[in-house]
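Engineer: The sequence and its predicted three-dimensional model are supplied below.
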Amino acid sequence: MQIGRFVATRAWQKLAFNNPPTGWIYKRAFDLPFHLTNVRNQFLLHTKVPLMSVGFDLFHSYNSIVVTSSPWLMEVESQLPRFGANPQQWQLNFAIERLKAENCKVISFTCEGAQKANHKLLEDYGLHKKARVIYRPTPLNPEGPKHSEKPETWNILFVGNAFYRKGGYESLLALLSLPEHIRWKLTVVSNFEIDWAIYPSPDIVQKIKCLLTDERIQVLSNLSHDKALELMRLSDISLQPTHDDSWNNVIPESMGQGTPVIATLVRNTPEIINQANAVTIPLDNTECHKNLGHPELVRQIREGILSLISDCTYRNTIAGNGWKTVQQKFSVERRNRLLESTTIF
């Protein structure tokens, strides 16, 4: 079966398309190239008009409505349709008409939270029968989780371009507050972008620049995904105390590489982590959630680090359970089984 896919920029998309279900062959389907222009209109960016339908049995889009008479499925990570915060009524009608059509075969949500967020629209327009939850695939280290003894120096990892929103500042403060006899090194993989939800003051930005001059900290930018995965495999702890995320790919990626994770329970991360497979930090305090450097969040990160480095059995158990979670829930093999089981094709 020839599957037409559109632009794939995410690492997990490339993993999925390069490792499809048996009998599926993904090929690039070309559409009107609004993504190559300066257009910022969400309706145009998330509407795909294939320039050629011949030779494709099915089109597979990501967050986009496909204008075609051929069969198609849509993968959704957030808003359905993704036409911006306040789409016009005609745009909604345009999307609903195509989603209800017989040739729209599946509306696949990348997590349960995304499906629940669109529950009313699905029910109002009779689309719930097409809805599925099929998680993004996550690379899995075939060697399994690491079972390490106490290292001489603890290698800690923080990965996140959105450094401030992902809890990078609090991670720094937590590490720098550890007892002096604990030897550690921190690798920060980030380009320090400011995207949404969290906006640091100039004073905090300057303070972070000073903290990052600590000789125990190295900063890497523009790292390839393969290099980031390699760092995860080599690290003893992965820090992901994010303030806000609809999803956080680094959490399951770290777990899949066998590295124990410290992460916050916020929005949809409880679909990934629990007390058995990660060190979890509840983030239900509004003040803690929005204020950078909040002492309570810093304290919980610090306690999480200490709990992992002080108990080898606990650390290895967390790592093992995390790896099994990815194998059972987020592996490309499981994703393919779910795609194959959609009998409405």
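Structural biologist: Structure received.
Engineer: Isn't Ser307 up against Val279?
Structural biologist: Yes - in terms of Cβ atoms under 8 Å, Ser307 counts as a neighbour of Val279; the distance is 6.4 Å. In short, each C-beta sits where N, CA and C put it, glycine included.
Engineer: now the strands: where do they sit in the chain?
Structural biologist: Per DSSP state E, the chain carries strands over the ranges 2-5, 25-28, 47-48, 58-62, 65-66, 72-76, 104-109, 131-133, 154-159, 184-189, 217-220, 237-240, 261-265, 279-282.
Engineer: avg pLDDT for the third one?
Structural biologist: This predicted structure assigns strand 47-48 an average pLDDT of 96.
Engineer: Can you name the residues that contact Tyr122?
Structural biologist: Residue 122: Leu, not Tyr. 80, 107, 115, 128, 131 (Cβ atoms under 8 Å, 6 or more residues apart in numbering).
Engineer: quick one: it from Leu15, how far?
Structural biologist: 27 Å (Cβ to Cβ, to the nearest Å).
Engineer: Next: Ile134.
Structural biologist: 14 Å.
Engineer: residues contacting Arg216?
Structural biologist: Arg216 makes contacts with 184-186, as judged by Cβ under 8 Å, 6+ apart.
Engineer: any idea how far it is from Asn155?
Structural biologist: For Arg216 relative to Asn155 (Cβ to Cβ), the value is 11 Å.
Engineer: between these two, what contacts are shared?
Structural biologist: 184-185.
Engineer: Report the buried residues of stretch 47-59.
Structural biologist: 47-48, 50, 56, 58-59 (16 or more other Cβ atoms under 10 Å).
Engineer: Check stretch 300-308 too.
Structural biologist: 300-302, 304-305, 308.
Engineer: Just the closest of those to Phe43, please.
Structural biologist: Ile301 (40.7 Å; Cβ to Cβ).
Engineer: circling back: okay, the buried residues of stretch 47-59 in CSV with distance to Arg267 next?
Structural biologist: Below are the buried residues of stretch 47-59 laid out as CSV (distance: Cβ to Cβ, whole Å):
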residue, distance to Arg267
Thr47, 27
Lys48, 27
Pro50, 33
Phe56, 35
Leu58, 31
Phe59, 30
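Engineer: from those residues, which is closest to Arg10?
Structural biologist: Nearest member of the buried residues of stretch 47-59 to Arg10, counting by Cβ to Cβ, is Lys48, at 16.2 Å.
Engineer: my read: Ile3 touches Ser70, true?
Structural biologist: No - taking Cβ under 8 Å as the definition, Ile3 is not a contact partner of Ser70, at 10.8 Å.
Engineer: In terms of neighbours, single out the busier of these two.
Structural biologist: Ile3 (21 against 15; other Cβ atoms under 10 Å).
Engineer: what's that one in contact with, if anything?
Structural biologist: 20, 24-27, 56-60.
Engineer: If we use 10 Å, what do you get?
Structural biologist: 17, 20-21, 24-27, 29, 56-60, 71-73, 339 (Cβ atoms under 10 Å, 6 or more residues apart in numbering).
Engineer: which of those count as buried?
Structural biologist: Among the contacts of Ile3, the ones that count as buried (16+ other Cβ under 10 Å) are 17, 20-21, 24, 26, 29, 56, 58-60, 71-73, 339.
Engineer: Which one of those is nearest to Glu253?
Structural biologist: Phe17 (17.5 Å).
Engineer: That closest one reaches Tyr26, doesn't it?
Structural biologist: Yes - the pair Phe17 / Tyr26 is scored as a contact, 4.3 Å apart, by Cβ atoms under 10 Å.
Engineer: shared neighbours of these two, anything?
Structural biologist: 3, 5, 8, 60.
Engineer: Redo those residues as a markdown table? Include distance to Arg165.
Structural biologist: A markdown table is the format used below for the shared contacts of Phe17 and Tyr26 (distance: Cβ to Cβ, whole Å):
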| residue | distance to Arg165 |
| --- | --- |
| Ile3 | 34 |
| Arg5 | 29 |
| Ala8 | 25 |
| His60 | 30 |
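Engineer: Minimum pLDDT in the residues you listed, which residue is that?
Structural biologist: Among those, Ala8 has the weakest pLDDT, 88.
Engineer: Roughly how far does that one sit from Leu223?
Structural biologist: Applying Cβ to Cβ to Ala8 and Leu223 gives a distance of 19 Å.
Engineer: Check Pro260 too.
Structural biologist: Distance from Pro260 to Leu223, by Cβ to Cβ: 21 Å.
Engineer: So what's the residue count around the residue lying closest to Val159 once chain neighbours are set aside?
Structural biologist: Nearest non-adjacent residue to Val159, counting by Cβ to Cβ, 6 or more residues apart in numbering: Val189, 4.4 Å away. Residues near Val189, counting by other Cβ under 10 Å, number 21.
Engineer: How about Glu102?
Structural biologist: The burial count for Glu102: 7, using other Cβ under 10 Å.
Engineer: on that earlier part again, can you work out which residues contact both of Ser307 and Val279?
Structural biologist: In contact with both Ser307 and Val279: 260, 262, 314-315, 318, using Cβ under 10 Å, 6+ apart.
Engineer: can you list those in CSV and add pLDDT, neighbour count and distance to Thr269?
Structural biologist: Below are the shared contacts of Ser307 and Val279 laid out as CSV (pLDDT from 0 to 100; neighbours: other Cβ atoms under 10 Å; distance: Cβ to Cβ, whole Å):
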residue, pLDDT, neighbour count, distance to Thr269
Pro260, 97, 29, 15
Ile262, 98, 29, 12
Tyr314, 96, 14, 20
Arg315, 95, 22, 20
Ile318, 97, 26, 15
